[in-house]
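**Student:** Show me the folded form of this:
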Amino acid sequence: MNPIELKKAVGSGLLSFPVTHFDDQLKFDEAKYRRHVEWLAGYDAAALFAAGGTGEFFSLNPAEIPQVVRAAKASAGKTPIISGTGYGTSLAIEIAVAAEKAGADGLLLLPPYLMFAEQAGLIAHVKAVCQSVGIGVIVYNRDNAVLTADSIARLAEECPNLIGFKDGVGDVDKVIEITTLLGDRLVYVGGMPTHEVYAQAYFAAGVTTYSSAVFNFVPALAQRFYGALRTGDQATVDEILKGFFFPFVALRNRKKGYAVSIIKAGLRVLGQNPGPVRPPLTDLSQEELALLEKIIQANGVTRIAAE
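**Tutor:** Numbers count the residues shown, from 1 in each chain. Below you'll find the predicted structure:
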């Protein structure tokens, strides 16, 4: 898939990022992961991010990432697979090249490891990664890597395969500046934790798609919510926010790192076994699992067919 085709695909609908399945020894469980990706692909995601943030990119070693990408590509049918890459420039390039060889249709460039940097350094970092591959790249503004509108415009001019901008900062005024300045040169993706609770504000800012973590275990509900947003069905949007997302976020906010842990917990509640999260993340307690089960059941979601 060339970068232009990927840009069109990403902008066509709801996105998600599969959790990465581990066994009891915290090794990648490829068979369960493949079954999960195949199941998700049946719910019409516009693209799936393999080894993304919810897929515990930060806990995978560089050799595991192309393994995850190959497994996703083998199971996703026609759904495009976008691989995570990140860390320092040298390692980000190494992962990017390996992911492309493994069949990734594109890359999501997560922030560099640990360091804050000036715009010139961030531009050089993104440019180097873009120039190392032929597939499309989406740059992710988050935490210690926040590119300005002018910096993104410069990168868009110098890197033809930079096809998207994802925001995980939440400064909607800055997002509006970027979408207004860049127009249709890029595709724009919402990337806040449980982005559904931010989606209405981002839609108004020109960001009309986002990556849904809860799609991992309630894909039909996630698509229903997204469809209501796109069609202006405010009653349905409000119903799902009040009945599902607000109590879900309250539980997610109990502990640091639960934005990932609670997604695996959702699968566990519905009868799947994605395995534990890797340290330094921690899994939900039994009491918290019971609360999550009540939230899911209150929204009419039934157990997933046994693996």
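**Student:** give the contact list for the residue nearest to residue 301 when sequence neighbours are not counted.
**Tutor:** Once flanking residues are discounted, residue 301 sits nearest to residue 218: 5.4 Å by C-beta to C-beta, 6 or more residues apart in numbering. Every residue, glycine included, has its C-beta placed from N, CA and C. Neighbouring residues of residue 218 by C-beta atoms under 8 Å, 6 or more residues apart in numbering: 244, 266, 296, 299, 301.
**Student:** again with residue 112
**Tutor:** Counting by C-beta under 8 Å, 6+ apart, residue 112 touches 86-89, 92, 122, 125, 144-145.
**Student:** Name only those of the residues you listed that count as buried.
**Tutor:** 86-87, 89, 92, 122, 125, 145 (16 or more other C-beta atoms under 10 Å).
**Student:** Quick check: the farthest pair among these?
**Tutor:** The span of those, defined through C-beta to C-beta, is set by 87 and 122 at 13.9 Å.
**Student:** which of the buried ones among the contacts of residue 112 lies closest to residue 45?
**Tutor:** residue 86 (21.8 Å).
**Student:** Okay, the residue lying closest to the closest one once chain neighbours are set aside and residue 2: tell me how far apart.
**Tutor:** In space, and not counting its chain neighbours, residue 86 is closest to residue 110: 3.5 Å by C-beta to C-beta, 6+ apart. To residue 2, residue 110 is 23 Å away according to C-beta to C-beta, to the nearest Å.
**Student:** picking up where we left off before, next one: the residue nearest to residue 301 from residue 298, what distance?
**Tutor:** 12 Å.
**Student:** More neighbours: which of residue 110 and residue 2?
**Tutor:** Neighbour count, other C-beta atoms under 10 Å: between residue 110 and residue 2, residue 110 has more, with 24 against 13.
**Student:** now the strands for the stretch 151-300 of the chain?
**Tutor:** 162-167, 187-190, 209-212 (DSSP state E, counting those that start in this stretch).
**Student:** Turn these into TSV, including mean pLDDT, mean neighbour count and distance to residue 36.
**Tutor:** Below are these laid out as TSV (pLDDT from 0 to 100; neighbours: other C-beta atoms under 10 Å; distance: least, C-beta to C-beta, whole Å):
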stretch	mean pLDDT	mean neighbour count	distance to residue 36
strand 162-167	98	26	23
strand 187-190	98	24	22
strand 209-212	98	26	15
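**Student:** right, so of these, which gets closest to residue 102?
**Tutor:** If we rank the strands of the stretch 151-300 of the chain by C-beta to C-beta, the stretch that ends up nearest is strand 162-167, at 19.2 Å.
**Student:** Let me know the closest of the contacts of residue 218 to residue 97.
**Tutor:** Taking C-beta to C-beta as the measure, residue 266 is the one of the contacts of residue 218 closest to residue 97, at 33.6 Å.
**Student:** Surely residue 141 is in a strand?
**Tutor:** Yes. Assessed with DSSP: H, G, I helix; E, B strand; the rest coil, residue 141 lies in a strand.
**Student:** and it, what is it in contact with?
**Tutor:** When contacts are counted by C-beta under 8 Å, 6+ apart, residue 141 touches 147, 165-169.
**Student:** Same list (these) but as CSV, adding distance to residue 261.
**Tutor:** Shown next, in CSV, are the contacts of residue 141 (distance: C-beta to C-beta, whole Å):
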residue, distance to residue 261
147, 29
165, 27
166, 22
167, 23
168, 18
169, 22
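**Student:** sorry, back to before: for residue 269, see how far away the residue nearest to residue 301 is.
**Tutor:** Going from residue 218 to residue 269 by C-beta to C-beta gives 10 Å.
**Student:** Alright, that wraps it up for me.
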